[in-house]
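Asks: structural data only, the sequence is not supplied:
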């Protein structure tokens, strides 16, 4: 590892992210709701002018609060529409409404896997509605009709998050696996290593605070990926996803 990479890794681990401020991440309703809230902060206000709730506003009833806010966004889009060309608009709206549906399921006690499904759909909705992505992503991160908050679903959500920005940012130097090609956290960790290598090559010489912050989040994602790959728990996959959302907001 180069000195620059060591620095980024150290900075990333030290800084952490605002989504997971504790040294040991957890994977529960509150953590998933906060990950959704942070993801919405990266685009909803800029795109629709809707103010995202604060952590305190969500903390008392995380799933219900997220479902309510997603309903407000869905209603805004239904009334005012969006300004995206091509097939980005219908797919983006479909994912946005899918996120609202999953939020409602979670709020009515159907399980935290629906919060992961909502986060997945919001990641894709942002790619379509804010970034104009015109490709097609599956509507959920699950291998079948049974929603399950497990390693496979988390890996697929991370893979799709990477797919929404890494190829456009780094080109063919990073080859992302196909859907369901990665089955274990160790495989994802290897991919994150390639991504951070590409980012170092592109941004390593830039003396810019925002770029350095994005690199710190990316290094943090890699660190959590390594933890998950070495069997420290699926919560590290969720933490890696949260860090990637913040990294993409800066580097993409």
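Replies: That came in fine, so what should we check first? None of these values were measured; they are calculated from a predicted model.
Asks: can you give me the strands for the chain?
Replies: Applying DSSP state E to the chain gives no strands.
Asks: now do the helices in it.
Replies: In the chain, the helices defined using DSSP state H lie at 3-15, 29-41, 44-48, 55-59, 62-80, 88-107, 113-129, 151-163, 166-170, 185-203, 209-229, 235-251.
Asks: switch these over to JSON lines; also include mean pLDDT and distance to residue 135.
Replies: From N, CA and C alone the C-beta is placed, and that goes for glycine too. Shown next, in JSON lines, are these (pLDDT from 0 to 100; distance: least, CB to CB, whole Å):
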{"stretch": "helix 3-15", "mean pLDDT": "49", "distance to residue 135": "29"}
{"stretch": "helix 29-41", "mean pLDDT": "97", "distance to residue 135": "19"}
{"stretch": "helix 44-48", "mean pLDDT": "93", "distance to residue 135": "19"}
{"stretch": "helix 55-59", "mean pLDDT": "94", "distance to residue 135": "31"}
{"stretch": "helix 62-80", "mean pLDDT": "95", "distance to residue 135": "20"}
{"stretch": "helix 88-107", "mean pLDDT": "94", "distance to residue 135": "8"}
{"stretch": "helix 113-129", "mean pLDDT": "96", "distance to residue 135": "8"}
{"stretch": "helix 151-163", "mean pLDDT": "97", "distance to residue 135": "8"}
{"stretch": "helix 166-170", "mean pLDDT": "93", "distance to residue 135": "10"}
{"stretch": "helix 185-203", "mean pLDDT": "93", "distance to residue 135": "19"}
{"stretch": "helix 209-229", "mean pLDDT": "92", "distance to residue 135": "22"}
{"stretch": "helix 235-251", "mean pLDDT": "95", "distance to residue 135": "16"}
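Asks: of all these, which gets the most neighbours per residue?
Replies: The highest average neighbour count among the helices of the chain, using mean count of other CB atoms under 10 Å, belongs to helix 113-129 at a mean of 27.
Asks: helices and strands around it, which ones?
Replies: Using 3 or more CB pairs under 8 Å, 6 or more residues apart in numbering; DSSP states H and E as the contact test, the elements touching helix 113-129 are helix 29-41, helix 62-80, helix 88-107, helix 151-163.
Asks: distance to residue 131 added to these, as CSV?
Replies: Formatted as CSV, the helices and strands packed on helix 113-129 follow (distance: least, CB to CB, whole Å):
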stretch, distance to residue 131
helix 29-41, 14
helix 62-80, 16
helix 88-107, 8
helix 151-163, 12
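Asks: relative to residue 247, which of the ones you listed is closest?
Replies: Nearest to residue 247, of all the helices and strands packed on helix 113-129, is helix 151-163, at 9.6 Å by CB to CB.
Asks: just want the angle from the closest one to helix 29-41.
Replies: Relative orientation of helix 151-163 and helix 29-41, computed by axes from the mean of the first three to the mean of the last three CA atoms, to 10 degrees: 10 degrees.
Asks: how far does helix 151-163 sit from the chain's center?
Replies: 9 Å (CA atoms, centre = their mean, to the nearest Å).
Asks: what sits up against that helix?
Replies: 113, 116, 119-120, 123-124, 137, 141-143, 147, 176-177, 179-180, 182-185, 187-188, 191, 195, 228, 234, 237-238, 240-241, 244-245, 248 (CB atoms under 8 Å, 6 or more residues apart in numbering).
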